[in-house]
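Peer 1: Mind looking at a prediction? Sequence and model below.
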Amino acid sequence: MKYISTRGAAPVLEFDDVLLAGLARDGGLYLPESWPTFSADEIRALQGKPYTEIARKVITPFVAGSIDDADLKRIIETTYAAFRHDAVAPLKQLGPNDWLLELFHGPTIAFKDYALQMVGHLFDHVLSQRKERVTIVGATSGDTGSAAIEACRDRDAIDIFILFPNGRVSDVQRRQMTTVASDNVHCIAIEGDFDACQDMVKAMFNDGDLRDRLRLSAVNSINWARIMAQIVYYFHAAVGLGAPDRRLSFAVPTGNFGNIFAGYAARAMGLPIEKLVVGSNSNDILTRFFETDELKMTGVVPTISPSMDIQVSSNFERLLFDVYGRDAGELAEAMTRFRKTGSLAVSGNRLTEMSALFSAYRFDDNQTRDIIRDLYQRTGELLCPHSAIGVAAGRAGLEEDGTTMVSLATAHPAKFPAAVEEASGIHPPLPPHLSDLFDREEKFTVLPNDIAAVSAFVTARTRAVPT
Ligand SMILES: *Cc1c(COP(=O)(O)O)cnc(C)c1O
C-alpha cells in the first residue's frame with residue numbers, strides 16, 4: 001500500500017516509513033492512496049470472529065508490502081492478549097437500539113491503548129528489522145502519557161521519555177506513568193506547567209542536530225498507524241450487531257478527530273454506517289463547523305473532559321482532504337489561510353455529502369454531569385465524562401436518525417474519579433489490574449524547566465545513540 005500526504009508535496013511512502021515518519025515532510029498527514037474495500041459477503045463472513053481475526057482482515061491491506069502475514073498475526077495476537085476482557089472491545093446495551101462500545105479494557109483503561117499498544121509493537125518490529133533504535137519524547141498534561149508509556153515499555157528498539165508538569169497532574173495520572181518499572185521508560189517531572197513541557201519537546205524536535213543524534217521520534221495522534229488500528233473496533237462492533245444486514249450509526253466523543261475519522265475510514269472500506277455523530281465539550285470547533293461550514297479557532301477552556309480540550313482537531317485535515325475532492329494543492333492553500341487568520345470558510349464539492357454523513361452536538365460541564373447522573377440512574381452504567389458526552393450525542397442523533405446507535409466509551413470512569421464522584425455521588429473503583437496502583441513504587445526524576453538539563457538527561461540515558 002502506498003501513502004500520500006494531504007498537502008501533496010511530500011514523498012509517497014510505504015507503510016513502514018509512514019509509521020516512523022508520523023507527520024509528512026510538507027506538514028500534511030498521510031493517507032492511503034486509495035481505500036481497500038470489502039464486499040457485503042466479506043463483511044458478513046466476519047460475524048462471530050474474534051477481535052484479532054477481524055483486526056487481521058482490516059489491517060492486512062494497509063501494511064501490504066511492509067509487514068508479512070506471519071509477523072502481522074504475531075503482532076496483533078501479542079497486542080490484544082494484553083487486554084483485560086475476552087471480547088477486547090465489548091458491547092453493552094443501554095436501551096432499545098442504543099449500545100455502548102467499551103474501549104477501556106487495555107492497560108491504561110482508555111481507548112488510546114487499542115491503537116498505541118499495537119503501534120508500540122509495530123515500531124519495535126520495523127526498527128529491529130532495520131537494526132535501528134529511536135528515542136521517543138513526549139509531553140503530557142496527564143492523560144495520554146501513560147498510554148504512550150505502556151505502549152513502549154520493554155520494547156527493545158525504543159526508549160521513551162515523558163515530560164509532565166511537576167505537581168500538576170492527578171495522583172492516578174502520575175502513578176500510571178511513574179510506577180511502570182521498565183528500564184526503557186523515563187518519567188521527567190518538569191518544574192513548570194504543561195506549556196513548558198510541550199515547548200521543551202518542540203524545541204528538541206526543532207534542533208535538527210539533536211533530533212538526528214538522538215533519533216527522536218513521536219507516537220502522536222496524527223500517526224496513520226493509530227487511525228488504522230482504530231478502524232478495527234468499528235468493524236468488530238458492527239458485525240457483532242449484525243452488519244452488513246443492519247444499518248448502524250456511531251457516536252464518538254471527539255477531540256483531535258482521530259477516533260471518529262477511523263469510523264469514516266471503516267465506512268469508506270464498505271462498512272454500512274449511516275451517520276457519524278460528533279460529541280464535543282465546550283471546546284466545540286467541530287460542532288460549530290458542522291453548523292456553519294466554517295472552521296474558526298477560539299481559545300481553549302478547561303473542562304471535566306480534558307482529553308477533548310483542544311483548539312484545533314489535528315486529524316480533521318484528513319476529512320478536509322476528501323471535502324476538497326482530494327485536491328492537495330487547494331487544501332494546502334486552505335490550511336495556510338486557516339493558520340494565518342484562524343478561520344476558514346470551507347467549500348468543496350463534497351461538503352454537502354459530508355454534512356449529511358456527520359452531525360455534531362456540544363455539552364458543557366453541567367450538562368455532562370447531568371448525563372452521568374441520569375445514565376447511572378437509568379442503566380446502572382457509570383461513565384467517564386468523555387464517554388457520557390458520546391452517549392448524549394448518540395441519543396441526540398438517534399432521535400433524528402432512527403438507526404441503531406453505538407456510542408464509544410473512551411475511558412473507564414476510574415480514570416476521572418473526581419468528576420464522576422461529583423456528578424453521581426459514587427467513587428468509581430479502579431479495575432483489578434490497577435487496584436494496587438497506590439501501593440506501587442514510583443520512579444521519576446524532577447528536572448528544572450531548562451532545555452540543556454533535559455537534553456543532557458535524555459542523551460545520557462537513551463540507547464539510540466551509538467556508543
Ligand atoms: C483522546 C481521547 C478522546 C478524543 O479522541 P480523538 O481521537 O482525539 O478525537 C476522547 N476521550 C478520551 C478519554 C481520550 O483519551
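Peer 2: Ah, there it is.
Peer 1: Show me which residues of the chain are close to the ligand?
Peer 2: Contact residues (CB under 6 Å from any ligand atom) of the chain with the ligand: 110, 112, 143, 221, 253-259, 307-308, 386, 410-411. C-betas here are computed from N, CA, C, even on glycine.
Peer 1: Return the subset of the residues you listed lying in helices.
Peer 2: Counted as lying in helices by DSSP state H, out of the residues of the chain next to the ligand, are Lys112, Gly258, Asn259, His386.
Peer 1: how long is stretch 3-12 end to end?
Peer 2: In terms of CA to CA, to the nearest Å, the two terminal residues of stretch 3-12 are separated by 6 Å.
Peer 1: Pull out the buried residues from it.
Peer 2: For stretch 3-12, a neighbour-count test (16 or more other CB atoms under 10 Å) marks Tyr3, Ile4, Ser5, Thr6, Arg7, Gly8, Ala10 as buried.
Peer 1: Was I right to think the fifth one contacts Tyr30?
Peer 2: No - with contact defined as CB atoms under 8 Å, Arg7 does not count as touching Tyr30 (10.3 Å).
Peer 1: Which residues are in contact with each of the two?
Peer 2: Counting by CB atoms under 8 Å, 6 or more residues apart in numbering, the shared contacts of Arg7 and Tyr30 are Ala24.
Peer 1: before we move on, back to that, rebuild the ones in helices among the residues of the chain next to the ligand as a markdown table, extending it with neighbour count and pLDDT.
Peer 2: As requested, those are exported to a markdown table (neighbours: other CB atoms under 10 Å; pLDDT from 0 to 100):
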| residue | neighbour count | pLDDT |
| --- | --- | --- |
| Lys112 | 28 | 96 |
| Gly258 | 24 | 96 |
| Asn259 | 27 | 98 |
| His386 | 30 | 97 |
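Peer 1: can you tell me which two in the residues you listed are farthest apart?
Peer 2: Gly258 and His386 (13.4 Å; CB to CB).
Peer 1: Now do Thr467, the pLDDT please.
Peer 2: pLDDT recorded at Thr467 is 61.
Peer 1: which residues of the chain score low on pLDDT?
Peer 2: 467 (pLDDT under 70).
Peer 1: Could you find the residue nearest the spatial middle of it?
Peer 2: The centroid of the chain falls nearest to Lys112 when counting by CA atoms, centre = their mean (4.9 Å).
Peer 1: Now do Gln377: how many residues are near it, please.
Peer 2: Per other CB atoms under 10 Å, the neighbour tally for Gln377 reads 9.
Peer 1: now Gly22: how far from Gly240?
Peer 2: To Gly240, Gly22 is 32 Å away according to CB to CB, to the nearest Å.
Peer 1: Those two: which is more packed in?
Peer 2: Gly240 (22 against 18).
Peer 1: ok, now which ones touch the nearest residue to Gly22 once chain neighbours are set aside?
Peer 2: With CB to CB, 6 or more residues apart in numbering as the criterion, Gly22 has its nearest non-adjacent residue at 5.0 Å, and that residue is Asn223. By CB under 8 Å, 6+ apart, the residues touching Asn223 are Leu19, Gly22, Val119.
Peer 1: for Leu116, same thing?
Peer 2: Leu116 sits next to Ala147, Ala148, Glu150, Ala151, Val219, Arg226 when contact means CB under 8 Å, 6+ apart.
Peer 1: Recalculate using a threshold of 7 Å.
Peer 2: Shown in contact with Leu116 (CB atoms under 7 Å, 6 or more residues apart in numbering): Ala147, Ala148, Ala151, Val219, Arg226.
Peer 1: ok, so what distance separates the second one from the ligand?
Peer 2: Taking CB to the nearest ligand atom, to the nearest Å as the measure, Ala148 and the ligand are separated by 12 Å.
Peer 1: Hmm, that residue is touching Val219, no?
Peer 2: Yes - if you go by CB atoms under 7 Å, Ala148 and Val219 touch, sitting 5.6 Å apart.
Peer 1: ok, Ala393 - contacts?
Peer 2: So Ala393 contacts Ala251, Val277, Val278, Gly279, Tyr361 (CB under 7 Å, 6+ apart).
Peer 1: State whether Tyr376 is indeed within a helix.
Peer 2: Yes - judged by DSSP: H, G, I helix; E, B strand; the rest coil, Tyr376 forms part of a helix.
Peer 1: hang on, the earlier thing: export the ones in helices among the residues of the chain next to the ligand to TSV and tack on distance to Arg84?
Peer 2: What follows is these, written out as TSV (distance: CB to CB, whole Å):
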residue	distance to Arg84
Lys112	15
Gly258	23
Asn259	20
His386	19
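Peer 1: before we move on, the earlier item: among the contacts of Asn223, which ones are in helices?
Peer 2: Reading helices off the contacts of Asn223 with DSSP H, I get Leu19, Val119.
Peer 1: and which of the contacts of Asn223 is nearest the ligand?
Peer 2: Distances from the ligand to those, taken as CB to the nearest ligand atom, are shortest for Val119 (13.7 Å).
Peer 1: Give me the spatial nearest neighbour of the closest one, chain neighbours excluded.
Peer 2: Ala225 (5.0 Å).
Peer 1: just checking, the one you found touches Asp17?
Peer 2: No - using CB under 7 Å, Ala225 is not in contact with Asp17, being 11.4 Å away.
Peer 1: Between these two, point out the one with more neighbours.
Peer 2: Under the criterion of other CB under 10 Å, the comparison of Ala225 against Asp17 puts Ala225 first, with 25 against 14.
Peer 1: related to what we said a few turns ago, turn the buried residues of stretch 3-12 into a markdown table, columns for secondary structure.
Peer 2: Below are those laid out as a markdown table (three-state DSSP):
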| residue | secondary structure |
| --- | --- |
| Tyr3 | strand |
| Ile4 | strand |
| Ser5 | strand |
| Thr6 | coil |
| Arg7 | coil |
| Gly8 | coil |
| Ala10 | coil |
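Peer 1: Closest one of the contacts of Ala393 to Gly348?
Peer 2: Val278 (18.3 Å).
Peer 1: The closest one: how many residues sit nearby?
Peer 2: So Val278, with other CB under 10 Å, has 25 neighbours.
Peer 1: what sits opposite it in the beta ladder?
Peer 2: Val252, Ala360 (DSSP bridges).
Peer 1: all strands of the stretch 301-450 of the chain, in order?
Peer 2: Here the stretch 301-450 of the chain has its strands, by DSSP state E, counting those that start in this stretch, at 343-345, 358-362, 404-409, 445-448.
Peer 1: Not counting its neighbours along the chain, what's nearest Ser182?
Peer 2: Of all residues not flanking Ser182 in the chain, Arg153 sits nearest, at 4.1 Å (CB to CB, 6+ apart).
Peer 1: List the contacts of that neighbour.
Peer 2: Applying CB under 7 Å, 6+ apart to Arg153 gives the contacts Val180, Ser182, Asn184, Val185.
Peer 1: Check Thr459 too.
Peer 2: With contacts defined as CB under 7 Å, 6+ apart, the neighbours of Thr459 are Leu214, Val465.
Peer 1: need the strands of the stretch 301-450 of the chain in CSV with distance to Leu163 and mean neighbour count, can you?
Peer 2: Formatted as CSV, the strands of the stretch 301-450 of the chain follow (distance: least, CB to CB, whole Å; neighbours: other CB atoms under 10 Å):
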stretch, distance to Leu163, mean neighbour count
strand 343-345, 32, 15
strand 358-362, 31, 20
strand 404-409, 29, 26
strand 445-448, 8, 14
